[in-house]
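> here's a sequence, model it:
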Amino acid sequence: MINNQSSSGNSLAKTAYKHIYRCIISLDYPPGTSLEEKKLMEELKLGRTPVREALLRLAAERLATAIPGKGFVVKELTLQSTRAVFTALKVLELGIAEIAIQQRTDQQLEALRQSNQEVKEAVEKQDVLTLVEANHNFHMVYAGCADNEYLTKALNEVRAEGNRLAYLSYHNRIDPLTTLARHYKNVINQHNEIVKAMEKRNVAQLKQMVNEHIRIFRDRIIAYMTAE
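Next up is the predicted model:
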């Protein structure tokens, strides 16, 4: 028998999580922001338990930091941690390429095409937050083609932490010399090439495009973070 009270509690925790997560990713809650439980309870009109569960989940995903005796704060974005994220992305996604290219099914390939279409639709709407989420989904569908829960979980954690960087990457303020239209076009073209490589089972082409995709993302963010 399903415990309706437990189910309702989980739903409330998910509601709290989604709200706080989106505020962190969109930088409405900047790095270092105190995530005060009481304030969040009032804002979301929820009890302490679902808010606390949401904060614990965000801490587990490295988007928030628990400070003993003080509660939670939005995790800082440092140059060191940012470089570590990109190193992890490169290792994971290139490793996944070796397996995914052989393991992928026709159904998974179609799911990859569909997730790529969702990225394009988000670009057309110029909805940055939806674009971040669609891009995350595209890369997780790609990871799913390897049919390895450990790799999928690892990439999901790194991608979740990197979604604030993705939001920056898709935002005008990061690089006044590169128009959003040009950057969006580059992202879509690279996704298209990843799909084509998966279709052809061309591992060399796939690894080259995945590597380039991450490099451009990394260079754009590092240039922003190190600008005077």
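> quick one: residue 31 is in a strand?
No. Counting by DSSP: H, G, I helix; E, B strand; the rest coil, residue 31 is not part of a strand but coil.
> what about it, neighbour count?
Other residues within reach of residue 31, judged by other C-beta atoms under 10 Å, total 14. (Glycine included, C-beta is placed from N, CA and C.)
> so it makes contact with residue 65?
No. With contact defined as C-beta atoms under 8 Å, residue 31 does not count as touching residue 65 (9.8 Å).
> tell me, what's touching these two both at once?
Common contact partners of residue 31 and residue 65 (C-beta atoms under 8 Å, 6 or more residues apart in numbering): 74, 75, 76.
> next up, the contacts around the closest residue in space to residue 35 that isn't next to it in sequence.
Take residue 35 and drop its neighbours on the chain: the residue closest to it by C-beta to C-beta, 6 or more residues apart in numbering is residue 72, 4.2 Å away. Counting by C-beta under 8 Å, 6+ apart, residue 72 makes contact with 34, 35, 37, 55, 58, 59, 64, 65, 66.
> what number of residues lie near the fifth one?
This means residue 58. 23.
> within the helices and strands, which one has it?
If you go by DSSP states H and E, residue 58 is part of helix 48-60.
> list the buried ones in that helix?
Judged by neighbour count (16 or more other C-beta atoms under 10 Å), helix 48-60 contains these buried residues: 50, 51, 52, 53, 54, 55, 57, 58, 59.
> between which two of those is the distance greatest?
Pairwise distances among the buried residues of helix 48-60 were taken by C-beta to C-beta; the largest, 15.0 Å, belongs to 50 and 59.
> quick one: whichever strand or helix holds residue 152 to helix 48-60, angle?
Take DSSP H and E as the rule and residue 152 turns out to sit in helix 149-169. Put simply, helix 149-169 runs at 90 degrees to helix 48-60, going by axes from the mean of the first three to the mean of the last three C-alpha atoms, to 10 degrees.
> which helices and strands does helix 149-169 pack with?
helix 4-25, helix 79-103, helix 128-144, helix 203-226 (3 or more C-beta pairs under 8 Å, 6 or more residues apart in numbering; DSSP states H and E).
> could you dump those helices into CSV and include distance to residue 113 and mean neighbour count?
As requested, the helices and strands packed on helix 149-169 are exported to CSV (distance: least, C-beta to C-beta, whole Å; neighbours: other C-beta atoms under 10 Å):
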stretch, distance to residue 113, mean neighbour count
helix 4-25, 25, 16
helix 79-103, 14, 17
helix 128-144, 9, 21
helix 203-226, 15, 17
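> do you know which of these lies nearest residue 112?
helix 128-144 (5.1 Å).
> let me know the angle separating the closest one from helix 203-226.
Here the directions of helix 128-144 and helix 203-226 differ by 140 degrees (the same axes, to 10 degrees).
> off-centre distance for helix 128-144?
Centroid separation for helix 128-144 versus its chain: 7 Å, with C-alpha atoms, centre = their mean, to the nearest Å.
> contacts for it next, please.
Under C-beta under 8 Å, 6+ apart, the answer for helix 128-144 is 22, 25-26, 92-93, 96, 100, 108, 111-112, 115-116, 118-119, 121-123, 151-152, 155-156, 159-160, 163, 166-167, 170-171, 187, 191, 194, 198.
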